[in-house]
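# no sequence on hand, only this structure:
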């Protein structure tokens, strides 16, 4: 436990894989949720602000932006695929109902 933080919760630690012990002063990399377009937009804005502030080089920021754009495209494609599948299933059900005789529809 970290006594100086006043928290009873353990703080994340980075473990040195070679020796299996915690590495002092090393903060583990943050995990960024990029599962929605909003998440990707927020991260893209963060990358832009870091480039603008000189915290990361433009070349590195451009690479990150490219990867974020790719993630954006995959999210959009997956959503379109999901919507098309729903529409196709609805159309299939509608066409099956239309083929049933009137007597079968009453049940």
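Happy to help now that I have it. Just so you know, these numbers come straight off a predicted model, no measurement behind them.
# and the residue nearest to residue 21 when sequence neighbours are not counted, bridged to which residues?
Of all residues not flanking residue 21 in the chain, residue 15 sits nearest, at 6.8 Å (C-beta to C-beta, 6 or more residues apart in numbering). All C-beta atoms are positioned from the backbone trio N, CA, C, and that covers glycine. Bridge pairing for residue 15 (DSSP bridges) gives the partners residue 22.
# might one say that residue 15 is in contact with residue 22?
Yes - counting by C-beta atoms under 8 Å, residue 15 touches residue 22, with 5.9 Å between them.
# who touches both of the two?
In terms of C-beta atoms under 8 Å, 6 or more residues apart in numbering, residue 15 and residue 22 are not both contacted by any residue.
# burial measure for the residue nearest to residue 69 when sequence neighbours are not counted, as a count.
Counting by C-beta to C-beta, 6+ apart, residue 69 lies nearest to residue 44, which is 7.9 Å off, once chain neighbours are set aside. A total of 19 residues lie near residue 44 under the criterion other C-beta atoms under 10 Å.
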